[in-house]
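Q: Structure of the sequence below:
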Amino acid sequence: MNLEELSREELVAVVRSIVPGSDGSELEQLLHDLHVHQIEVELQNRQLLERHSALEASKSRYHELYELAPAAYCTLDCDGRVTDANLTFTAFFRMNRAALIGTSLSSLVLPDDRPVLRSHLKRCFSDSGRVTHELRMLASPAVRVACFQIASLALRSPDGVVLGTKSVLTDISALKRTEERLRVLAAASAAFASATDVTDALAALTLSLTPSFADLCFVDLFQDGCGTATRLAVASADLARRRLCERLREGVIPAVELTEPVLLSEASPAALALALPEGPDRLALVAECDARSIMLLPLLAGQRCLGLIGFVMSDTGRRYTSVDLIFARDLASRAATAIENARLLRESKAAIRARQDMLSIVSHELRTPLTGALLNAEALTRAAPSGERRKGRAKLEHIRRALQQMDYLVNDLLDVTSIEAGKLALARENLCVLGLIREAVELVEPLAHQKSVAVDVVEPARPLWVDCDGKRLLQVLCNLLANGIKFAPEGGVVTISARAEGTCVRVAVDDNGPGIAPAVLRRLFERFVQASDTARQGRGLGLYIAKGIVEAHGGRIWAETELGRGTRLQFTVAAADPPERTVRATPVILIVEDEDLQRELTCDVLVAAHLGAVPVANGREALEYLRLGGARPQLILLDLIMPVMSGRELAETLKADPELRAIPIVVVSCASNLESEAKALGAAGWLAKPFDVNGLLGLIRALGVEA
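A: Prediction:
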């Protein structure tokens, strides 16, 4: 009998039948206890039911989370076969659960990544912690390859035996695409910044975008006012489509000028027709491109459309989205900036070339007569009695100084151009610093005398030699001394000194002038910078040129000043050993110059220096002299631009002649690229027009030609 199923009255009857002799009070107590017990049993049953319901609800929620989680969950046995998987897993791989159970996970992994999966499972079985790797998997065999991160824990029995793994796969394809695009943008920026030819950089860029971002990519540059474009680059992901890429570059390319990007996620192949070359086979090209998704972006520089960059997807499973358009916009902006910068660079170089050509023409047309005038003035000044101070000699001296100022101005302009182009010519040799200082002091003596400024030379304790271009270093010394004299008060003192400092020699020029204001000091070595109180006393180029010359020698130049106490200008130049020179015996020099006046004056200078001189008017006359047995010259002074046979032609002819190639040549010209011209011809030296007598004789002596 089941007492729990009996009613109260039935229970009372049962009790009375069991205990017939009991009185009523005992029976009532017993019935009360039974009632309490029944209530307790009912409460326990209710609690059990509630707990069961809660457990079922929790199980249902867990199942829903497991099934609908954004990550793909699965369990694998020890052989790597799927024993369970959630709905996300089945959705990723387009397989129902029944077909998936028992499938080897490696069958869903790209063959190249299957060793990674095997290593992953091996580590998971042996390690107690979480194991993570990246795998490329066929997320949908008909659509795409996706990159997943797989994280696994070993699944063990109560006694510790490995039963398999619990694994979760997270699709990180979007993250990988973002990383790849950032790498492409960084690489494109670096390529555009370092490329000497933007066309090569654009070609490399289009190639790097396939196949990850496009099946076909092209870049067009518009021709101004022509309505056509130049296709700078075309790239395809399929090597078999190389002929297609070549055909896309042939013929007349129309200029598709856009103001805003065009995104066609679902495009018919005909949508690409406007960007294809004109011709009868355009429709065939359209069909071969098989465009399913298209992006066309203008290359904008301000309000101007420079060109077009196009991206084409032919794969039926890939489509462009607004996210892709953001990336393409950034890429197009960088490409447009690179193209515009390349255009500005070309224009800048063209402007520099035009300026250099103009300076070359001016220097050639101006310096040739200027050289003759200087040599004439110097010859007349030397011929006049040294004690004569008559009006004629004074006027002659004024003419000579005016010509020298013109010469300095032309030289400064050419030096500025050379410094800015990084092509300052240096003819290095080992020279004594003290000799250069004394020569510079002698050159600025008239300026110091005019202002009653004393120039003191502090001689070094021992001879100091430097590796330098003597003429250039003399130019620096004269500029610094002239600057000191300019700022020194009337009756003041300018001091120049030199001392050894490690592997360098430091030269300092001190004046006792008013000092330099901080605002001027910061810009002292820039072009056209002058103090306001001396602004009319120079061109503002001297210190700028001095800085360029010192830095071309590998040294540095700087200024120290104290208001009311004076200024110190200093520079360093590399120290050197004393030179060893050889002297050639034959003092014959062949002068090849088409300007009659300059040829005669050069002869006069050489004869006055007790050197033999043979003047000829062009290269052919020089060649005839050399081959007809004239006295073999020790040196040839060669102009470059001459009629009949130019200096360049003569130099090449001499190099090809075994008997004449050993004669050293000094190129005498006013070309702006004189150093490179001379080196290309194999010359032993070069001399820029107009030259002074001391410069000419100094170069001749430096080459070992002595009277």
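
Q: check which helix or strand covers residue 148.
A: Using DSSP states H and E, residue 148 falls within strand 144-156.

Q: I'd like to know which elements that strand is packed against.
A: For strand 144-156, the packing partners by 3 or more CB pairs under 8 Å, 6 or more residues apart in numbering; DSSP states H and E come out as strand 72-77, helix 114-126, strand 131-140, strand 162-171, helix 173-194. Every residue, glycine included, has its C-beta placed from N, CA and C.

Q: Sketch out the low-pLDDT regions of the stretch 201-350 of the chain for me.
A: 225, 316-317 (pLDDT under 70).

Q: would you say residue 456 is within a helix?
A: No: according to DSSP: H, G, I helix; E, B strand; the rest coil, the state of residue 456 is strand, so it is not within a helix.

Q: Parallel or antiparallel, list what pairs with the host helix or strand of residue 296.
A: Element membership for residue 296, per DSSP H and E: strand 293-301. When sheet partners are counted by DSSP bridges, strand 293-301 sits next to strand 262-264 (antiparallel), strand 304-313 (antiparallel).

Q: Quick one: closest of those to residue 663.
A: Of all the strands paired with strand 293-301, the one in closest proximity to residue 663, counting by CB to CB, is strand 304-313 (55.5 Å).

Q: quick one: low-confidence parts of the stretch 451-600 of the chain?
A: Where the stretch 451-600 of the chain drops to pLDDT under 70, the residues are 528-540, 579-586.

Q: how does it look with 50?
A: 532-538, 582-584 (pLDDT under 50).

Q: Residues contacting stretch 212-219, please?
A: Contact with stretch 212-219 is made by 177, 180-181, 184, 202, 205-206, 209-210, 231-238, 241, 248, 275, 289, 291, 299, 307-315, 324, 327, 335, as judged by CB atoms under 8 Å, 6 or more residues apart in numbering.

Q: Likewise for stretch 145-162?
A: Against stretch 145-162 from outside (CB under 8 Å, 6+ apart): 72, 75-76, 78, 92, 110, 117, 120-121, 124-125, 127-139, 163-173, 176.

Q: follow-up on the earlier one: to the chain's geometric centre, what's the distance from the strand holding residue 296?
A: 26 Å (CA atoms, centre = their mean, to the nearest Å).

Q: Stretch 439-452 now?
A: Per CA atoms, centre = their mean, the displacement of stretch 439-452 from the mean C-alpha position of its chain is 47 Å.

Q: Residue 334 belongs to a helix, doesn't it?
A: Yes: counting by three-state DSSP, residue 334 is part of a helix.

Q: thinking again about what came up before, quick check on the contacts of stretch 145-162: which are buried?
A: The neighbour-count test (16 or more other CB atoms under 10 Å) applied to these identifies 72, 75-76, 92, 117, 120-121, 124-125, 131, 133, 135-139, 164-165, 167-169, 171, 176 as buried.

Q: which element follows the helix or strand hosting residue 600 toward the C-terminus?
A: Using DSSP H and E, residue 600 sits within helix 596-608. Per DSSP H and E, the first helix or strand lying C-terminal to helix 596-608 is strand 612-616.

Q: in its sheet, what does that next one sit against?
A: In the sheet, strand 612-616 lines up against strand 588-592 (parallel) (DSSP bridges).

Q: what does the partner strand rub up against?
A: Contacting residues not belonging to strand 588-592 are listed as 599, 602-603, 606, 611-616, 618-619, 621-622, 625-626, 631-639, 642, 647, 650, 700, 705 [CB under 8 Å, 6+ apart].

Q: Got a ChimeraX select line for the buried ones in these?
A: Selection of the buried residues among those in ChimeraX, burial being defined by 16+ other CB under 10 Å:
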select :599,602,603,606,611,612,613,614,615,616,618,619,621,622,625,626,633,634,635,636,637,638,639,642,647,650,700,705
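
Q: Distance check, residue 40 against residue 54.
A: Look at residue 40 and residue 54: by CB to CB, to the nearest Å, they are 21 Å apart.

Q: domains of this structure?
A: Residue ranges for the domains of the chain, per automatic domain parsing: 3-66, 69-171, 177-324, 428-574, 588-702.
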